[in-house]
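K.L.:
Predicted model, plus sequence, below.
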Amino acid sequence: MNTQKQPQRRPQPQTPQPEGCLVVAIRIPARVFVFLVVLPVRLLWDAFAAVARFLWRHLVVAVARFLWRYVLTPAGRAVAWLLHVLLVVPLTWLYRYLLTPLGHGLAWLYARVLTPVGHAVLRLLAPVGKAVAWMTGQLATALYWTARILLVLPAVALWRWILTPVGHVLGIVLREILDALGHAWRAAGHVARALGRVLGTLFRWILLEPARLLYRTVLTPVGHVVSDLVLHPAAQVARAVSRAVRQARADLRRALFGEPARPQAVDRREPVGRDTRTLDG
């Protein structure tokens, strides 16, 4: 016996087969057309996906968590308890006290009665069964060859010479269209992200930065100047006018109705005479 191990041959890498003219002729127009069609769809898809993620995170997840915790979980426990009480317990009782004894009785009947009767009937019907089986076999053979000649051979020829070449061409076309869709979808995604970054940068530099600069360098100093020169003096003038109006109103009331009567002070101390009584005596 040869105990030396033979060196194993490494499998040679399969070289890719060159693609035909049909593949090249379909691929480039399909990719260009699909890219132009898919680009707006991808832009709309990215916007819809962003809105959907926001709504899902802040609406659907919170509502689903609330429903799961406070509605579905208690309802599920209640339904499980009802199923256990209404189904599991009666079925267990039915299986244990009715079906099991009935099954034992049927098994005894099958073993003691039906099996001997079946063997006896089989001995009587064996020749008839063999004759029927022979006739059935001959009929099946005739039907097999009839179906093979009338159906199978034409179907094989149709599949081999017509459907297979057409399917091959359609497979190439479909594969290239799907490949073009994939490339166009990825390229449209890159374009959408780049366009989003450009629009964000333009929005920041055209609106946000000028507004921040205007607020910081113009509106804030102007607000301080207006507050110091206009609002504070106006508030002081308003307070002075209010005090003058109140004083004029009080003077007019005194001129018409006189000075209001001042309440007299009441001495609440107890008398200190000899005959007076106090709380102590």
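P.N.:
Done, it's in.
K.L.:
Between the two ends of stretch 50-61, how far is it?
P.N.:
Start and end residues of stretch 50-61 are separated by 16 Å (C-alpha to C-alpha, to the nearest Å).
K.L.:
Apologies, that question was intended for stretch 200-219.
P.N.:
Start-to-end span of stretch 200-219 (C-alpha to C-alpha) is 25 Å.
K.L.:
Find the residue ranges of the chain scoring beneath the pLDDT cut-off.
P.N.:
Within the chain, the set of residues satisfying pLDDT under 70 comprises 1-24, 258-281.
K.L.:
How are the helices of it distributed by residue range?
P.N.:
Assigned by DSSP state H, the helices in the chain fall at 21-55, 61-67, 73-83, 89-94, 100-109, 115-147, 153-158, 164-203, 209-214, 220-226, 232-257.
K.L.:
quick one: the fifth one to helix 115-147, angle?
P.N.:
Taking axes from the mean of the first three to the mean of the last three C-alpha atoms, to 10 degrees, helix 100-109 and helix 115-147 form an angle of 80 degrees between their directions.
K.L.:
what sits up against helix 100-109?
P.N.:
Defining contact as C-beta atoms under 8 Å, 6 or more residues apart in numbering, one finds that nothing outside helix 100-109 touches it. In this view, the C-beta of every residue, glycine as well, is placed from N, C-alpha and C.
K.L.:
and it, how far from the chain's centre?
P.N.:
For helix 100-109, the separation from the chain centroid amounts to 54 Å (computed by C-alpha atoms, centre = their mean, to the nearest Å).
K.L.:
ok, back up a step: could you dump the helices of the chain into a markdown table and include mean neighbour count?
P.N.:
Shown next, in a markdown table, are the helices of the chain (neighbours: other C-beta atoms under 10 Å):
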| stretch | mean neighbour count |
| --- | --- |
| helix 21-55 | 14 |
| helix 61-67 | 11 |
| helix 73-83 | 11 |
| helix 89-94 | 11 |
| helix 100-109 | 10 |
| helix 115-147 | 10 |
| helix 153-158 | 11 |
| helix 164-203 | 13 |
| helix 209-214 | 11 |
| helix 220-226 | 11 |
| helix 232-257 | 10 |
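K.L.:
Not counting sequence-adjacent ones, nearest residue to F33?
P.N.:
Once flanking residues are discounted, F33 sits nearest to A180: 7.7 Å by C-beta to C-beta, 6 or more residues apart in numbering.
K.L.:
Against V32, how distant is that neighbour?
P.N.:
Applying C-beta to C-beta, to the nearest Å, the value for A180 to V32 is 8 Å.
K.L.:
likewise A188?
P.N.:
For A188, the distance to V32 - C-beta to C-beta - is 13 Å.
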